[in-house]
Each structure stands twice: as structure tokens, then as C-alpha cells.
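Q: sequence unknown, structure follows:
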């Protein structure tokens, strides 16, 4: 599943190609793509037609495009919300280009330029038009920047946001009493961190994934946050992590951070820090990778 860096790469691409453009029409080719929009495909398409798309925004793994009525001066009250799921892609394409095999939604603009396409092979992602509400975590700003889509108002700020509060995060960790990796994957505590970047952040912090959160010191929690910010920033610089063709940017290009991973997916390969073979453990029906030397398993572990 695309994590924060991959979604941010897509957001930046959309900012270039869609900001300020007016949607002429939308075509829903597979109802599952808008399954969480209760009013259905026809209403979804009707809510987009004639709306101006403002600069896209992101929180964690969600991104949204505020929608404004043409010629309106007031702040937007609705947005097009997207979650990419396992294989969702938001692509820009020239009019008349052959349709992708798994094209689910196509948005055409009044200027006749590049259209916007939602492609999703596994159909776990979704789009919806939803109300914008005051942001619990954010700070006020222009063009709807103090607002978030109502369905994700409970999602915590992500570590790259100005709104993220490290001290509040540390307090929540100490109260939660769970394993540190499980906490990093909890989107109500910190958003945008998935399996890949959790493993990478913990490797950088020198902490085992099963370390009980209530035993963390403030300095250790700070190392985890620093590791998460560093690794996600580095991934952003090279377009994110692509293990296959399911994640690409808006131009259909893959990211290259897979080559720089220090822990994730490197089972039995030497740790880049100490040379010990990287270990793979089963974790929450997925995998967790760590160095047995640099990240020793705690005597008291939480899974």
C-alpha cells in the first residue's frame, strides 16, 4: 500500500496538473471506485461537473482536492477525497489516449487538456466527494487549509506536518501500552507510516519493533520520529518506493527508494550498520524486518 511519501509524490504531481482547472465531466466506469460515496456514481459525477479544483492537500495516506464553484469567493466546503488502497493510481493523460485496463474513474476538464484518471487493479482504493470540516489537528490557512474532509477528521496529523505535536505523541505512546511498531501503524496516533517506513524508522532508531511503548524514554521516542522523518524525506527525494507497477506517480513513473532500504525486505542480507543478517518476523499477518544486533529483542515484548 502506498505510504506517506508515495501519496505526497502523487499530491505534488496533481498540484501541477489539476490546480485551478474546472472539471467538465466525470465518468465512473466501475462502481466500486466510489462505493463509499452513498449517493452513488451518478451523483458523484454530478457533484464534480463545473467545479474548480484547488491545490491538493494530504494527511497521512489520504489526499484531497478542495472543490470550489466557478466564480465563487468563499472558502470551499467540499473536496474530492482519494485513498489509493493497495493499487490505486491517479494519472494524468492526454485526451484520446488509450484507456488503461483497470481505469475506474475519468475526469475531463473544460480546457481540453490532460484529463485525470483513477486506475485501480485490485479495487481497494476509492474516491468520494465529501464535506470539509474544521481540522482538529491543523492550523488555519488560506484556501481551505484549516479544513479537512469529514471522513478523516479522526486521522492524526502526520510527522511531516506543522500540526504534528511530538510531546503529545510521546504521551500517547506511554499511555497506549502496546508494541512500538503497532503504535506507528495506528493512524489515530500518527498517520502516514505503514509497514515499510515503520521498519526503516525503527532500524534508524535502533529499537526492536516489539519494544513496549510504556518503557520508551523521551529521547527514544524522539529518535523514532527523527528516523521516520529522515527516511520518508529521503524516499520523497527519489519518488517513493515501488516494488512493482502498482505504485507510480501521476506520469506513470516508479519511485526508486527500494534500492536504499536498510531493513525492509532484506531478510538474511547483512545489516548496513553492523553486518548481522537481517531477520524477518511474522507481524500482524505481514512481515517485520530488523537487525538482531542493532535492534535487540526486549526481555518484555508487546506484539
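A: Alright, I've got the coordinates. Just so it is clear, the structure is predicted and the values come from calculations on it, not from any experiment.
Q: Report the distance from stretch 221-241 to the chain centre.
A: What separates the centre of stretch 221-241 from the centre of its chain is 13 Å, taken as Cα atoms, centre = their mean, to the nearest Å.
Q: tell me the average confidence for that stretch?
A: Averaged over stretch 221-241, pLDDT sits at 93.
Q: So that it lines up with my notes, have the first residue be 53 from now on.
A: From this message on, residue numbering opens at 53, which makes the last subject stretch 273-293.
Q: May I see the buried residues of that stretch?
A: Within stretch 273-293, the residues that count as buried by 16 or more other Cβ atoms under 10 Å are 273-277, 279-281, 283-284, 287-288, 290-293. (C-beta placed from N, C-alpha, C; glycine too.)
Q: And the contacts of it?
A: Contacting residues not belonging to stretch 273-293 are listed as 54-58, 60-61, 211-212, 218, 221-222, 225, 232, 236, 242, 244-245, 248-250, 252-259, 268, 299, 301, 305-310, 312-313 [Cβ atoms under 8 Å, 6 or more residues apart in numbering].
Q: Follow the chain on from the host helix or strand of residue 144 and name the next helix or strand.
A: Using DSSP states H and E, residue 144 sits in strand 140-145. Tracing the chain C-terminally past strand 140-145 and defining elements by DSSP H and E, one meets strand 155-161 next.
Q: tilt between the helix or strand just after that following strand and strand 140-145?
A: Remark: after strand 155-161, the chain's next helix or strand is strand 167-172, criterion DSSP H and E. Computed with axes from the mean of the first three to the mean of the last three Cα atoms, to 10 degrees, the direction of strand 167-172 lies at 150 degrees from that of strand 140-145.
Q: Just the angle for strand 167-172 relative to strand 155-161, thanks.
A: Using the same axes, to 10 degrees, the inter-axis angle of strand 167-172 relative to strand 155-161 is 170 degrees.
Q: for strand 167-172, packing partners?
A: If you count contacts as 3 or more Cβ pairs under 8 Å, 6 or more residues apart in numbering; DSSP states H and E, strand 167-172 packs onto helix 56-70, strand 140-145, strand 155-161.
Q: What residues sit buried inside the helix or strand following the longest one?
A: Under the assignment DSSP H and E, the closest C-terminal helix or strand after helix 56-70 is strand 75-80. Within strand 75-80, the residues scored as buried using 16+ other Cβ under 10 Å are 75, 78, 80.
Q: which regions of the stretch 253-355 of the chain sit below the pLDDT cut-off?
A: Residues of the stretch 253-355 of the chain meeting the criterion pLDDT under 70: 295-298.
Q: can you pull out the strands in it?
A: Counting by DSSP state E, counting those that start in this stretch, residue ranges of the strands within the stretch 253-355 of the chain are 331-335, 338-342.
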